[in-house]
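Peer 1: Provided below for reference: sequence and predicted model.
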Amino acid sequence: MIRRYCDGCVPTPGEPSTGESAPRLRCDGLGHEVFGHVAEFAVNRALVSLGEAVGDINRYVEHAAEGLRLTSVLLWPVMVELWHCLGWQPPGRLSEALSWAGLALGTPVVSGPPLFPRL
């Protein structure tokens, strides 16, 4: 996405939303935490800290995928291709499609054509 939408350069980040704050806060002190554990010869605790940080980041990515699915429901006429990329088929009723946790865990995602190609 950075290559495609930001000319291949890391952009200046905006203010984090509430959902973005948790993984960011977790990572801000991670180096100090991990090196502290290593200095105490507690490599197992260092690895646990790293695993927890990876888990926070993973939950954020899953949260983002679910958010994409929900917003795509509301943009239905133009977002059907995104549903295919997420491996998701909408239920019969719109109200059912708008509930959280509609993506099945382990569903493979696929690349598709650009949703909004540059003209």
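Peer 2: That came through fine.

Peer 1: point out where this structure drops to low pLDDT.
Peer 2: 1-3, 6, 8-10, 13, 19, 74-79, 98, 100, 115-117, 119 (pLDDT under 70).

Peer 1: center of it - which residue?
Peer 2: residue 61 (1.7 Å; CA atoms, centre = their mean).

Peer 1: quick one: residues contacting that one.
Peer 2: For residue 61, the contact set (CB atoms under 8 Å, 6 or more residues apart in numbering) is empty. C-beta: built from backbone N, CA, C; applies to glycine.

Peer 1: how much space is there between it and residue 92?
Peer 2: 29 Å (CB to CB, to the nearest Å).

Peer 1: which stretches of this structure form helices?
Peer 2: Assigned by DSSP state H, the helices in the chain fall at 2-5, 18-28, 30-39, 43-74, 76-86, 94-97.

Peer 1: tell me which of the ones you listed lies nearest to residue 111.
Peer 2: Shortest distance between residue 111 and those, using CB to CB, is found for helix 76-86: 6.9 Å.

Peer 1: which residues does the closest residue to residue 57 other than its chain neighbours contact?
Peer 2: Among residues not flanking residue 57 along the chain, residue 23 sits closest, at 4.9 Å (CB to CB, 6 or more residues apart in numbering). By CB under 8 Å, 6+ apart, the contact set of residue 23 is 53, 56-57, 59-60.

Peer 1: got a ChimeraX select line for the buried ones in these?
Peer 2: Buried residues among these (16 or more other CB atoms under 10 Å), as a ChimeraX selection:
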select :53,56,60
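
Peer 1: make JSON lines out of the contacts of residue 23 and add distance to residue 88.
Peer 2: Shown next, in JSON lines, are the contacts of residue 23 (distance: CB to CB, whole Å):
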{"residue": "53", "distance to residue 88": "28"}
{"residue": "56", "distance to residue 88": "24"}
{"residue": "57", "distance to residue 88": "22"}
{"residue": "59", "distance to residue 88": "19"}
{"residue": "60", "distance to residue 88": "19"}
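
Peer 1: between the contacts of residue 23, which sits nearest residue 38?
Peer 2: Nearest member of the contacts of residue 23 to residue 38, counting by CB to CB, is residue 53, at 15.0 Å.
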